[in-house]
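# here is my input; please provide its structure:
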Amino acid sequence: MTEFAVWAPEAGRVRLRLADGPDREMTGDGDGWWRATVAGAGPGTDYWFLLDDDDRPLPDPRSAWQPAGVHGPSRVYDHGAFAWTDQGWTGRQLPGSVLYELHVGTFTPGGTFDSAIERLDHLVELGVDLVELLPVNAFNGAHNWGYDGVCWFAPHEAYGGPDGLKRFVDAAHGRGLGVVLDVVYNHFGPSGAYAPLFGPYLADGSNAWGRSVNLDGPHSDEVRRYVVDSVLAWLRDYHVDGLRLDAVHALVDRRAVPLLEELAVEVENLSTHLGRPLSLIAESDLNDPRLITPREAGGLGLDAQWNDDAHHALHTLLTGERQGYYADFGSMQCLSDVLTGAFFHAGTWSSFRGRTHGRPVDRQRTAGHRFVAYLQNHDQIGNRARGDRISATLSPGLLRVGATLLLTAPFTPMLFMGEEWGASTPWQFFTSHPEPELASAVADGRRREFAAHGWPPGEVPDPQDPETFVRSRLDWAERDRPGHRETLDFYRRLIALRKRRPELSDPRLDRVEVSHGDHFVLVRRGRCLVAANLAGKPQRITVPDVVRSVLLATGDGVTVMRDGLELPAESAAVVAV
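This is a model prediction of the structure:
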């Protein structure tokens, strides 16, 4: 016996359609839910719902499996049938971990969960602890970043569907790697979003990506439950270790108990039941530490948040770029403020926004591991006109300087796929919308966006061109080529040093001391000093303590003197004092 259920509070009639036999009338229970129990409709059975007297079959808003795509029938899926081998997995906590962000479709030529499994050993050798997947829930078309997802319970079939995701997580756990999944709850994608036909899933307002989700209006209790159940399903049914919540600042929620707090409570309860740590990481541009302040202290209780200020502080110093939202960044003092206080805009003036922005972080009470920092990520690369990586701009020396400052900072560091060998492949914005009008609108919008910043339309890759997707695939052969091979070796040694020396992963912001001068910065991390010379010439840097040994340098030529160090141009060193 299989029970089919769907929430359709405004429907006067709901029918269930199976692949064989007549449509079945479903029974309403008075609270907006409709149910039908069918014998013999076990796992593998395709089904649709029909609303009122409309004969158009619709997929299940809570479908776990969409084998024919987002417009096709839903298929009954049994989560208990998968043969997990990770019974001994006790989880991976966020503090002390190194994250690695990847996109399943472009991580390997195969573009599937199974082909990604073949590269997990590389991540283990690199020293990664948590693999963060860009969104994998079902979207229309074959290729997409994932932020156009419409089925919030179903993994994308082209990647391998629900079993494929489980095989990936199981294989990762078998190698000691945790898995974080990027999820999007601030909007539905533009094609195949059938849930709003069943009920008031959408609010009147909109954000940059579409209609806002109804989190505080009439019938929003069930909409919120829809989000909560999706979150719990990824963590429970797919054994995922954490979620990255996309753009939570776009969640319009005026309730006394915000959805984010509700999620924190539910996930904490599930973590207690499962006996392993589960992490919620927010993406937010608000610079509001209340997101990651424990509920006991009046915060929302999330575990961490992405920190764009850390990226901007590093990127502007290394590249010299100052356009757009980079305008206020780029000084050594800015980097110092970020390394010691996490946010640069902390109740201070933001020229890009034309107002004050952010709130200060309590350096004594808020741990640095609650901030995920990065030199590169999918947004900061892909939202450039050409999708060029920072390695296309920087010298190998400066690239290693950036990596050194990132991986010795008090934050949770994250790498973007291929960064570890200085990949030359770009990461461009790509879509594969089958609807001509939507495809044209996306391409035109992309050109207009960058034309406003001075880019000729012909230089902006067409998101719908299949070659844009192909160009964004990693070239794994690069890993063993001269230059790339040495960069990979440096990243391995740097991550190993971070794990070997507890000072370098110490998250206490109030223990970080920073001094700086003309194109150099000196960061004290307990008995370790990190010295970086960003100048195009050698520099002598005075060190307040006796240097006992050089633990790691970005290249040759570091000279230890009685009162400090001499660093070659565009280089960095980590020393013990």
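
# direction included, what does the helix or strand hosting residue 152 pair against?
Residue 152 belongs to strand 151-155 when assigned by DSSP states H and E. Sheet partners assigned to strand 151-155 using DSSP bridges are listed as strand 137-138 (antiparallel).

# need the residues that contact the strand it pairs with.
In this structure, residues lying in contact with strand 137-138 by C-beta atoms under 8 Å, 6 or more residues apart in numbering are 66, 69-70, 146, 149-157, 183-184, 192. Glycine gets a C-beta too; all of them are placed from N, C-alpha and C.

# then stretch 353-363?
Contact partners of stretch 353-363, identified using C-beta under 8 Å, 6+ apart, comprise 286-290, 340-343, 345-350, 509-510.

# show only the entries of these found in helices.
Counted as lying in helices by DSSP state H, out of the contacts of stretch 353-363, are 340-341.

# could you flag which of the contacts of stretch 353-363 are buried?
The neighbour-count test (16 or more other C-beta atoms under 10 Å) applied to the contacts of stretch 353-363 identifies 287-289, 340-343, 345-346, 350, 509 as buried.

# and the two most separated of those?
350 and 509 (21.4 Å; C-beta to C-beta).

# hmm, who's touching the strand holding residue 152?
Contact with strand 151-155 is made by 59, 62-66, 70, 136-138, 161-162, 164-165, 183, 185, 192, 195, 226-227, 229-230, 233, 238, as judged by C-beta under 8 Å, 6+ apart.

# buried subset of those residues, written for PyMOL?
In PyMOL, a selection of the buried entries from these looks like this (16+ other C-beta under 10 Å):
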select buried, resi 59+62+63+64+65+66+70+136+137+138+161+162+164+165+183+185+192+195+226+227+230+233+238
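
# in strands, which of the contacts of strand 151-155 fall?
Among those, the ones falling in strands (DSSP state E) are 137-138, 183.

# and these as JSON lines, adding pLDDT and distance to residue 451?
What follows is the ones in strands among the contacts of strand 151-155, written out as JSON lines (pLDDT from 0 to 100; distance: C-beta to C-beta, whole Å):
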{"residue": "137", "pLDDT": "96", "distance to residue 451": "32"}
{"residue": "138", "pLDDT": "97", "distance to residue 451": "33"}
{"residue": "183", "pLDDT": "98", "distance to residue 451": "32"}
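
# let me have those in TSV, adding distance to residue 357 as columns.
What follows is the ones in strands among the contacts of strand 151-155, written out as TSV (distance: C-beta to C-beta, whole Å):
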residue	distance to residue 357
137	31
138	36
183	26
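
# so which of these is the closest to residue 215?
When those are compared for distance to residue 215, the smallest value, 15.1 Å, is given by residue 183; criterion: C-beta to C-beta.

# got the confidence number for residue 398?
In this model, residue 398 is scored at 97, pLDDT.

# which strand or helix spans the nearest residue to residue 27 once chain neighbours are set aside?
The spatially closest residue to residue 27, leaving aside those adjacent along the chain, is residue 35, at 5.7 Å (C-beta to C-beta, 6 or more residues apart in numbering). The secondary structure element spanning residue 35 is strand 33-38 (assigned by DSSP H and E).

# could I get the CA-only coordinates of that strand as CSV?
As requested, the backbone C-alpha atoms of strand 33-38 are provided in CSV (Å, rounded to 0.1, in the frame of the first residue of the first chain):
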residue,chain,number,x,y,z
TRP,A,33,-4.2,18.0,2.4
TRP,A,34,-5.6,15.4,-0.1
ARG,A,35,-4.8,11.7,0.3
ALA,A,36,-5.3,8.4,-1.5
THR,A,37,-4.0,5.0,-0.7
VAL,A,38,-3.3,2.6,-3.5
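
# what packs against the following helix or strand past it?
If you walk from strand 33-38 toward the C-terminus, the next helix or strand you reach (DSSP H and E) is strand 46-51. For strand 46-51, the elements it packs on are strand 14-18, strand 74-75, helix 195-198, judged by 3 or more C-beta pairs under 8 Å, 6 or more residues apart in numbering; DSSP states H and E.
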